[in-house]
Each structure stands twice: as structure tokens, then as C-alpha cells.
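Engineer: Predicted coordinates and the sequence they were generated for:
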Amino acid sequence: MKAIDRKFERVKQALSIHVAEFDAEARLASVASTEQWHTQISARLQSQLPKPLLTSALMVPHARNPIFTGRDGILSDIHGGLIGNSVPLEKNGDMKSMALYGIGGIGKTQLAVEYAYRYHSSYNFIIWLRAETEMELAQSFADAARSLGLATSGESLQDSVEAFRRWLASSCKHAKRFGLRVESYLTYFLAASKWLLIYDNVTSVKLLRRYWPASSMGNIIVTSQRSDLHTVVNTAMKVAPLTTREGSTLVRRILGNAKADIESSEQLCEELGGHALAIAHYAGYAATTQLTARDVTAMFNQRHISPDVWSATSHSSFVQYERTLGTVWAITWPHINDDSRRLLDVLSLLNPENIPEKYLERTDAVVQREGLTRSFCLKVMLSPLLKYNLLERDGPDDDAFLIMHRVLKRALQHELDINAAKRRSTFTVAVSLVRNVYPRRSMITRSSLDRLAIHHQVFPHLLSTFSYYEQCADSELNSMEFANLLMDGVAFLWEESLGNPMPLLQAADRICHALQGTGIPGKTMIDVKTWIAAEDVNESSSGWQLQLPRWREVVKLREQYYASIDRKDIILEDEVDLGRAWNDLGSALVDLGQYDEGQVYITKAMEHYMKTGGIERLRYRISKQYGCLSEVYVHLDQFSEAVICSQKSLELTIVELGPDHHWTLRTQTRYAYILAAAGHIEEAFSTHAAVLAARQRTAGRNHPDNVRALYWLGTICYAQGKAQEAESHLLAALSIPESSQIGEYEMARLKLRLAQVYISTGQHAKAQSWVEESGDVAAKECYAASHTVEARIEFIEENIRISPGGRSTGFWRFNGPPVALDQSVVVP
């Protein structure tokens, strides 16, 4: 081979090698570029791919409440309804659903949270959905889709919502309906069939239906303040307040047992009506401020202080709730029209336990529409309030009553407190409502049994408006209409011996003085002066003497007022008021031993009644005059006349009121006193026994007047030497829970009489105990004449006016045979 050929061959080989190396490098570069591109594409794809599909998840935005208390029964019922066989399936195919409804803050959400944690092992997926608004519900659907790996963050809200809808509908038997490949997702769908959805705080049934899953194998819990979800779910369960025991336990868990004894914890729970949020709120406030349960209970009852607790948030860790007591009903107000809201404000000033629905028709709070009855308009106004559990309705349709939770009542009152115009208009309507149905006082006769039933039903609402008025200190709430209403309440309390009327009297007095101009006082003011004079002398040895000028003033004012009325305008009530003034002054004089002048005024009243009305029109007033005259005759030792007058009084009262009326029984009691004073002991005993039996039958065994009847039965037995029977009657009197209502002087007399019985039988230790129990009420009246049991009883009976109906002054004093006081029984 030529040299040139060899050189060419070498160059050719070198070129081949270079070409091969170039090709190799080119291939390497291409591979590297491809790998880089692949890596970039993979990264981009990875970011867009859904998360790996989960096989289980607990998606609850709330931690488990460590102080959740009680509710075991309802939790078990929920689980049985969803997992067991107790819920009918025909409404939603195989899916079981349950609604928990009730007033805001009652504990619905906390129940759902506790159920999710307690029974999470029964489900593969538990998903919490905020359902107050459509935006919240749609966002909850989208969040669930992304958490489950069904959608990505880059997808639209609507696409994510639809992905979650498809997943909910993807149980095996429904998969083909949505074009899904069952083979590739079979395991996943089987797992997904065991899910629980919790729709929290639903406000719209229409919205709930739009986001309700297609038939599937899951379970659903709905929480709502609405009561009309039974059209959507299988079962609707109303969440009741916490029991006293549950609420007390919750308080003590928050405060610690050292700062919350059982009694005060139970009291707080009862005051708050078992309202779970309120209990946790108040107990949490106590814990963070170093107060006791008793302290915060007192704060709840003082409306001017409770707003501080209401809006406090420093103790929110104890509540685990997104709203405070001041805002818990905020989600409801947009669904309540203005007319219904005004009605609700009016009802917040009434007693929350029993508001007769039929009485509301008569109030200006009902907005009547043209062509519609007031009854129908009221039902329309109540409908949203009942739907959102702001009110409950109970009883038959023709006698239904409404109930408002006391925590809601207080929340509404707080809003009125900061809006003077709204407060005054609401108070005016509330007073008008009560005024329209509450019986007006009449001294012509006593209330019939039917009227008394209305008194008992409506009086708590009168007291509620009074309580609100007292805590407002707003002079713009004053009106003569309200003062008159308070005086009607005073008359009821006095007639029925149901409590101390002085707070109502004093408020009426303040109103009258604030509104009364110059000149002759009006009828209401004179009524106030009359009742205050009567109440001031009760249970005071010096009261009658000190108040005698006041009685004379009342007579003067009544006579002036009577003279100022045009003769054609005088009504029978005016005649009675004048006669009552004379009679009251006469009775005061008789009690002070001024019998002649007293008899003059009592007789003057009798003659006035006979002239202006006669027995047919003023039968009850004339019966009262016969009774007062019988007392005068006893003081004058004219016992035959006394018995005759007392008999006439009783006969007229029975005709007027019937044999079982409260005041008939009191008149019969007076007759028994007169019989005893006249020496007819056996007849007096049988009359007292008959009165006791009748009152127990008509008013129950615990009426305060039963204490007085038993006292006199015991006293007569003691006088007859029947110590064992006397002890039995007196102990029975002391066992009546309402015995404390009769007053400390009567209680002292009762206990001292029992001590006398024990002294007579030589049981000196027991006697000593009851003497000490009686206290020193006589000493408070400057009694120091003789430190004996007999002397103390005599002092009480001679000097203390015990009324109404149980007075034992003077002539009906009955001490029985003298018994020597054993020296071992010491009277302080």
C-alpha cells in the first residue's frame, strides 16, 4: 500500500472515531435533556395530581371537649338511631339521618362533636360541614374534596364541590349512575360507604336540600335552631337542657370542687335553666375571676351587672364555642320579621315559664292585617319564633301556653337596657298586655273562684314586669296604669295571703307621688295610703297607735275625694271606698281599746252600705260589718250579740261567695274565735276542724292558713288537758313547708305553745328547745314583764296584730289552764 493510501486510511479511521464520539456525546446530551425535561414535567404533573386517596379520616374542626359532661342517654339514642335499626329507611333509601334541634347554646354542636369522637370507630370517614350559609357549606364541600384527594387546590370551587358530591354518591350500587369505573375503585367505594356527615348550624331547609347527598350508605347528623327539619331527616330530636345533676357536675369540673359545692352549683344550673353555653360561660367567668358559683348566680339575677359576664371572652377556653351569650342568637335574627321580633321583646318582660297564648290576642303587640282575625295574625307572628326555638308551645290548641328560655329572656332584656326608646315602648305594651287580662280589684266583694284562677295564672307576669321596672330606674316607665296594676297585685296578695305586698305598694306609692299633681289625691293614691297603713300596723305592738293618725288621714282624703265627685258620676265602688275608710278607722280604735268611738265608725259604715247598696248589692261588705261588730260586742262582754252577728256574717258570705271560697273559710274561722270567746269550746273546735278540712281539700295541705287552724286545734286541746292531741296538732302545723309565710310572731307563738304542752307533761328538755327556737320576737317589742312562756304568749296575743285572718288579739286569747313554769326551762 502506498504511503498516501496508508495516511488516508489513518485519517479516515480518526474521523470515524470522532464521528462516533460526537454521536455518543450527542446521544448523551439528548438523554440528559430528556431526563431534565421529564423531571420538570413530572414535577408539574405531580403538583396538579390529586392527593392519594384516603381510606379513613376524622375531619372535625373542634378538639374533643375535655369537660363535656353528661348526655349519655341522648348520645346513645343518636348512635342507636344511626347505626341500629330504630330509624325508618324509606325516606332516604339506605342512608340514616338525624337532626339535633333546639335553642341556641343548648349544646347541639357539642353533642355532635362528642358523638364524632366517641363513635369514630364506627365510621371510615367523619366529615364536618359548616352549614350556616351557602358560602360556608360550599367551601366545606370543597375542603373535604381536597382533603380526601378528590380535587386539587387549582380546581374551581364548583368543580371541587361536584367532586365531593360524586364521592358521596359513590357507593357500589350507585357508581354506574355516575359513569364511574367500579373495578378500579371498588375497595375505595366499599370503605367510603361508612361515612358520617355533620351539617352544623343549618339555617335554611332549602339550602340543606341542595347540598344533601344522593342515596348512599352513609349517616348524617344535622344541628340547627330550626324545628322543621323532620321533612328532610329520618328523625328529629330536640336537645333538652342539662339536668340539674349534669349542670352541677359541669360547674364543679370547671371551678373545682373546692370553689363550687353541690348546692350552689345546682342553684346556678337551675337559674340558667340548664342552658349548656350559659352554664359553661358563667362557670368559666367564675374560674377566671376567682369567684364562686354562688357569686356568679347572684350576678345573673342582677341585670345591671350581668352584661359584664354576658360579653366577657377571657374564659372562652372553657366554652369551646364560637359565639358568646350576647351573639348566640345572631344567626337567627335575619330570619325573624320585625313584627315577630317586637312581640318577642314584649314577651321577654313576662314570666318565661307559662305565657297563655290566648291572652296575647288582646295586646297591641299583635299587628292585625286587614281581612284577617287577630288569632290568625298572632299565629303568623309566632310561627318563626317557634320554628327557630325562640319559644316553645305546649298544651292543647284551645289553651296553649308559650315558654321562653330564661337565658334568652335575659339576652333580650340586655338589648332593651341599651335602647331607651325601644325599652319604653316595649314596657308600655307589656304592661298593657297584663292589664288587659289581670282582674281589677274590687272591694265590693271578693274575687270569684274563676277570677282567682286568672289571678294565679297572670300574677307571675305582673311580678315579672315589676321586677324589670325596679331594675331599670327609668322614670319614663312610670304611669298610673302601671300603678293601678301594681295595686291590683297588692289586693290579690292580701286576699290570698301569698306574700309580702310592700315592694309593690312602695313602687305604686313612688309612681303616684311622681305623677300626682297638686290638689286632692286621686283614687289610686288614696288606695296606696290605705294599704300602706294596713301593712305598717301588721305584727307590731305599737303599730295601731302610731298609725292611728294615718287612718284618720285616709278617712279625711276619702271624704274629700267623695265630695269632689259629681253626684251623677259616683259609682258603687266609690261608696264602698268611703265605707271601708270608716270601718278601718273603727277597727283600729277597737284594737286600741277605744270601743265606743270604734263602734261609731263601724256602725256608720254599716248604715252607709245599707243606704247606698243594701244587702242585694253589697252583701259581702255588709257581712264584713257584721263580723267587725261581733268583735266589738265581745270586747263589751256582749257574747250573745257577738255570736249572732258572727253567724249573720258567715251566712251572708256563704251566699255571696260559696262555702269553699277562701274568704268564706276565713269568716268561718272568725266565727270559731267568737264561739271560743263565748265559752262554746267544743263548737269552736269542730268549726276549726271543718275549716281545716275544707281548706286542705280546696287549697292543698300546705296553705299557710292551715298552720293557723292547726294552732288553734292544738291550743284548744291544750286548754282541755289533752296534751298528746295538742302536741300532734302543733307539730303538724310546724311541718307545713309554708309555715314560714305566716310571720315570725305567729311562729313564735306556735313554738311557745308547744313548749307549754311539753312543760305540762314534764318534758322540760323539749320545752327548753322550743323556747329557744321561738327567738326573741317579744323582746324586740320591749317585753320584759315576766320571763315565762305564758307571759310571752299573752304578750303576743295582747299586743301583736296578726293578719289577715289569723289575728289572735284580745278576746280570742286562749292560754288554757295555768301551768307552773319549771325552773329548768329558761326563757331568754
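Structural biologist: Received, thanks.
Engineer: and the host helix or strand of Leu344, what other elements does it pack with?
Structural biologist: Element membership for Leu344 (DSSP states H and E) is helix 338-347. Here helix 338-347 touches helix 374-387, helix 406-417, helix 420-437, going by 3 or more Cβ pairs under 8 Å, 6 or more residues apart in numbering; DSSP states H and E. Where C-beta positions appear, they are placed from N, C-alpha and C, glycine not excepted.
Engineer: again, 10 Å this time
Structural biologist: helix 357-360, helix 374-387, helix 406-417, helix 420-437 (3 or more Cβ pairs under 10 Å, 6 or more residues apart in numbering; DSSP states H and E).
Engineer: highest average neighbour count across those helices?
Structural biologist: helix 406-417 (a mean of 21; mean count of other Cβ atoms under 10 Å).
Engineer: ok, Ile4 to Arg10 distance?
Structural biologist: 11 Å (Cβ to Cβ, to the nearest Å).
Engineer: now Thr603
Structural biologist: Taken as Cβ to Cβ, the span from Thr603 to Arg10 is 164 Å.
Engineer: Compare neighbour counts for those two and give me the winner.
Structural biologist: Thr603 (17 against 10; other Cβ atoms under 10 Å).
Engineer: Tell me which stretches of the protein form strands.
Structural biologist: Here the chain has its strands, by DSSP state E, at 57-59, 96-101, 125-130, 195-202, 219-224, 235-238, 355-356, 392-394, 401-403.
Engineer: TSV please, covering those strands and showing mean pLDDT and distance to Ile336.
Structural biologist: Below are these laid out as TSV (pLDDT from 0 to 100; distance: least, Cβ to Cβ, whole Å):
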stretch	mean pLDDT	distance to Ile336
strand 57-59	85	33
strand 96-101	92	16
strand 125-130	93	22
strand 195-202	93	16
strand 219-224	93	15
strand 235-238	92	20
strand 355-356	90	17
strand 392-394	88	16
strand 401-403	91	15
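Engineer: which stretch among those comes nearest Val691?
Structural biologist: Val691 lies closest to strand 355-356 among the strands of the chain, at 32.2 Å (Cβ to Cβ).
Engineer: partners of that closest one, with directions?
Structural biologist: With DSSP bridges as the test, strand 355-356 is paired with strand 401-403 (antiparallel).
Engineer: residues making contact with the strand it pairs with?
Structural biologist: 273, 347, 350-360, 382, 385-386, 390-395, 457 (Cβ atoms under 10 Å, 6 or more residues apart in numbering).
Engineer: Stretch 359-375 now?
Structural biologist: 337-340, 342-347, 350, 357-358, 376-382, 401-402, 425-426, 428-430, 432-438, 454, 457-458, 461.
Engineer: Distance from that stretch to the middle of the chain?
Structural biologist: Taking Cα atoms, centre = their mean, to the nearest Å, one finds stretch 359-375 lying 26 Å from the centre of the chain it belongs to.
Engineer: start to end distance for stretch 120-133?
Structural biologist: By Cα to Cα, to the nearest Å, the extent of stretch 120-133 from end to end equals 27 Å.
Engineer: Would you indicate which residues of that stretch are buried?
Structural biologist: His120, Tyr123, Asn124, Phe125, Ile126, Ile127, Trp128, Leu129, Arg130, Ala131, Glu132 (16 or more other Cβ atoms under 10 Å).
Engineer: what does stretch 669-679 give?
Structural biologist: Thr669, Arg670, Tyr671, Ala672, Tyr673, Ile674, Leu675, Ala676, Ala677, Ala678.
Engineer: Could you list which of those residues belong to helices?
Structural biologist: Thr669, Arg670, Tyr671, Ala672, Tyr673, Ile674, Leu675, Ala676, Ala677 (DSSP state H).
Engineer: Between all of those residues, which two are separated the most?
Structural biologist: Thr669 and Ala677 (13.0 Å).
Engineer: quick one: low-confidence parts of the stretch 301-450 of the chain?
Structural biologist: Within the stretch 301-450 of the chain, the ranges that satisfy pLDDT under 70 run 311-324, 326.
Engineer: can you rerun that using 90?
Structural biologist: 301-335, 353-354, 357-379, 387-389, 392-400, 405-407, 410-411, 414, 417-418, 439-450 (pLDDT under 90).
Engineer: what do you get for the stretch 501-650 of the chain?
Structural biologist: Using pLDDT under 90, the flagged stretches of the stretch 501-650 of the chain are 501-502, 513, 515-523, 530-550, 587-588, 590-593, 635, 637.
Engineer: Let me see the ranges of the helices in it.
Structural biologist: For the stretch 501-650 of the chain, the helices defined by DSSP state H, counting those that start in this stretch occupy 502-515, 523-537, 543-564, 572-591, 595-612, 614-617, 619-635, 639-657.
Engineer: Export these to TSV and append columns for distance to Glu725.
Structural biologist: Shown next, in TSV, are the helices of the stretch 501-650 of the chain (distance: least, Cβ to Cβ, whole Å):
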stretch	distance to Glu725
helix 502-515	38
helix 523-537	34
helix 543-564	34
helix 572-591	32
helix 595-612	36
helix 614-617	41
helix 619-635	26
helix 639-657	26
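Engineer: With respect to Val771, which of those lies nearest?
Structural biologist: helix 543-564 (25.5 Å).
Engineer: other SSEs contacting that closest one?
Structural biologist: Short answer (3+ Cβ pairs under 10 Å, 6+ apart): helix 543-564 packs on helix 523-537, helix 572-591.
Engineer: Quick one, which of these gets closest to Gly247.
Structural biologist: Checked against Cβ to Cβ, the stretch from the helices and strands packed on helix 543-564 lying closest is helix 523-537, at 38.8 Å.
Engineer: Name the residues of the closest one that come out as buried.
Structural biologist: Here helix 523-537 shows 523-537 as buried, counting by 16+ other Cβ under 10 Å.
Engineer: Likewise for stretch 457-477?
Structural biologist: Val458, Phe459, His461, Leu462, Leu463, Ser464, Thr465, Phe466, Tyr468, Tyr469, Cys472, Leu477.
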